[in-house]
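Student: Could you work out the structure for the sequence below:
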Amino acid sequence: MKTLYLDLSMGAAGDMLAASLISLLPDPKDFITTLNQLGLPGVTYTLEPSVKCGITGSHLTVTAYGQEEGEHSHEHSHEHSHEHSHEHPHSHNNLHRIRHLVKEHITLPNAVLDNVLAVYDLLAQAESQVHGVPMDEIHFHEVGTLDAIADITAVCYALHLLAPEEIIASPVHVGAGQVRCAHGILPVPAPATAVLLTGIPIYSGTIQGELCTPTGAALLKHFVSRFGSMPPLTVEALGYGMGKKDFEAANCVRSILGCQAPDSDTVVSLACNLDDMTPEALGFAQERLWEMGALEVYTTPIGMKKNRPGVLLTCLCKPKDAERCTQALLRHTTTLGVRRQELTRTTLSRRFETCDTPYGPVRMKYAGDKKKPEYEDVAKIAREQNLTLAQVEALLS
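Tutor: All right, here's what the predicted structure looks like:
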């Protein structure tokens, strides 16, 4: 499976994500030429080499009417305003004008434009929630708007060309301290960024500054399917998108494009110890876990404190189902906490075929050189023919 992994140990800004992804393309210079011919009014893209802590990568500069917005220095780039000014380029755009700008001025496939608008809608929703103003009444500073749309467009188009089947990212380093924006001094992450990062694993650290911007957060929210450690990958390409500021750590987003082996994947193991549930209640909880998408649910007898016999309840699930399985465990069992661990498993490739037999169709499961009929089909024949399961399986072998 073609997989893109984003290393966000120094956060995520729109320009850094874009530069990192552009570096993965076969011809970054040609891509920049294409971006400059898209039709975004007053926008110019420039991609230049940049060195951070001895690592050479690329820095993307976006200017709108000759001005470079603060996004590129890890500053909050979106302004909410009720004021209207008709002095170009300091006028303001509402969401309707922005949608018109994207649809009418950018010459890219519709799928790319739909992603651009979806990401910008996430930004507008976050600003709406923070300021308590309906989305359609929010006005964005024009230079900041063009800057954000330019970064978002570059990322959406680069991903369209790279076409990864899955996008995974590390937990997001958001930085620490405070950030200055149009409304004054705010805590890191800035309020709109914090809204966008809801449901995403984030962490702070010793680096003072805003490492994840609203545009970066919106792009992650829209494109990343899951956050966690990097799965086993056969690496095909590496890209480094550099920020403008210098920190003690390399200020970059690293993109890793590779292929996951078809016989390996990541599962999440959820577990809790129980010593005060009836068998009926425990069985009901297991049924709910199956309904939530669990791959395996099983119990193991254990000894607990005060010499009590207990049960270890374990649920294996896909990463995308981990949160709802966790909530099911907390809701339907008496546990006060759930342990979580990511595991890498190796599996045989599987396929199913339906075979015609004298007793009707039977589904057969093949895994490597192993072959086994589906239990439900075997049991159905056994009931209808008054045979044992072993007799039916012998007839099918």
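Student: Give the phi and psi angles for the nearest residue to Pro187 once chain neighbours are set aside, as a check.
Tutor: Residue nearest to Pro187 in three dimensions, not counting chain neighbours: Gln178, with 5.8 Å by CB to CB, 6 or more residues apart in numbering. Every residue, glycine included, has its C-beta placed from N, CA and C. Main-chain dihedrals, Gln178, degrees, to the nearest 10: phi -130, psi 160.
Student: Would you agree Gln178 is in contact with Gly184?
Tutor: No: taking CB atoms under 8 Å as the definition, Gln178 is not a contact partner of Gly184, at 9.7 Å.
Student: Which one of these two is surrounded by more residues?
Tutor: Per other CB atoms under 10 Å, whichever of Gln178 and Gly184 has more neighbours is Gln178, with 15 against 7.
Student: per-residue confidence for the more buried one?
Tutor: For Gln178, the pLDDT comes out at 84.
Student: Then Glu71?
Tutor: In this model, Glu71 carries a pLDDT of 39.
Student: and if you look at Pro109?
Tutor: Here, the pLDDT recorded for Pro109 equals 88.
Student: That one: neighbour count?
Tutor: By other CB under 10 Å, 11 other residues sit near Pro109.
Student: element containing the nearest residue to it once chain neighbours are set aside, please.
Tutor: Once flanking residues are discounted, Pro109 sits nearest to His160: 6.7 Å by CB to CB, 6+ apart. For His160, the enclosing helix or strand under DSSP states H and E is helix 142-162.
Student: immediately after that helix, which helix or strand?
Tutor: According to DSSP H and E, the helix or strand after helix 142-162 is strand 166-169.
Student: Kindly export that following strand (C-alpha atoms) in CSV.
Tutor: This file holds the C-alpha atoms of strand 166-169, laid out as CSV (Å, rounded to 0.1, in the frame of the first residue of the first chain):
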residue,chain,number,x,y,z
GLU,A,166,-3.1,6.2,3.2
ILE,A,167,-1.7,9.3,5.1
ILE,A,168,-0.4,8.7,8.6
ALA,A,169,1.2,11.3,10.9
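Student: ok, then the element right after that strand?
Tutor: Past strand 166-169, the next helix or strand by DSSP H and E is strand 172-173.
Student: Off-centre distance for that next one?
Tutor: 13 Å (CA atoms, centre = their mean, to the nearest Å).
Student: neighbouring contacts of that strand?
Tutor: 8-12, 197, 200-205, 207, 211-212, 217, 220, 227 (CB atoms under 8 Å, 6 or more residues apart in numbering).
Student: make it 6 Å
Tutor: Strand 172-173 has contacts (CB atoms under 6 Å, 6 or more residues apart in numbering) with 8-11, 202, 211-212.
Student: Of those, which belong to helices?
Tutor: Judged by DSSP state H, helices contain none of the contacts of strand 172-173.
Student: If you rank these by neighbours, which is first?
Tutor: Leu211 (31 neighbours).
Student: quick one on the thing from earlier: mind putting the contacts of strand 172-173 into JSON lines with distance to Lys318 and pLDDT?
Tutor: Shown next, in JSON lines, are the contacts of strand 172-173 (distance: CB to CB, whole Å; pLDDT from 0 to 100):
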{"residue": "Leu8", "distance to Lys318": "22", "pLDDT": "95"}
{"residue": "Ser9", "distance to Lys318": "25", "pLDDT": "93"}
{"residue": "Met10", "distance to Lys318": "29", "pLDDT": "93"}
{"residue": "Gly11", "distance to Lys318": "27", "pLDDT": "93"}
{"residue": "Ile202", "distance to Lys318": "22", "pLDDT": "94"}
{"residue": "Leu211", "distance to Lys318": "29", "pLDDT": "92"}
{"residue": "Cys212", "distance to Lys318": "26", "pLDDT": "93"}
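Student: What separation is there between Gly293 and Val267?
Tutor: Using CB to CB, to the nearest Å, Gly293 is found at 11 Å from Val267.
Student: Looking at those two, which one has more neighbours?
Tutor: Val267 (18 against 15).
Student: Enumerate every residue touching the more buried one.
Tutor: Neighbouring residues of Val267 by CB under 6 Å, 6+ apart: 316, 343, 345.
Student: Quick check: bridge partners of the first one?
Tutor: The residues listed as beta-bridge partners of Leu316 by DSSP bridges are Ser269, Glu296.
Student: Against Ser269, how distant is it?
Tutor: For Leu316, the distance to Ser269 - CB to CB - is 6 Å.
Student: Equivalent analysis for the second one, please.
Tutor: Separation of Leu343 from Ser269 (CB to CB): 5 Å.
Student: what's the weakest-modelled helix or strand in this protein?
Tutor: Ranked by mean pLDDT, DSSP states H and E, the helix or strand of the chain with the weakest confidence is strand 80-81, at a mean of 36.
Student: ok so, going back, rebuild the contacts of Val267 as CSV, extending it with distance to Pro358.
Tutor: Output for those, formatted as CSV (distance: CB to CB, whole Å):
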residue, distance to Pro358
Leu316, 38
Leu343, 43
Arg345, 38
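Student: Of the residues you listed, grab the buried ones for ChimeraX.
Tutor: The buried subset of the contacts of Val267, as determined by 16 or more other CB atoms under 10 Å, is captured in ChimeraX by this line:
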select :316
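Student: want to try TSV for the contacts of Val267, with distance to Asp147 and pLDDT as columns?
Tutor: Shown next, in TSV, are the contacts of Val267 (distance: CB to CB, whole Å; pLDDT from 0 to 100):
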residue	distance to Asp147	pLDDT
Leu316	44	97
Leu343	42	91
Arg345	43	84
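Student: pLDDT weak spots in the protein?
Tutor: 69-93, 137-144, 182-183, 261-264 (pLDDT under 70).
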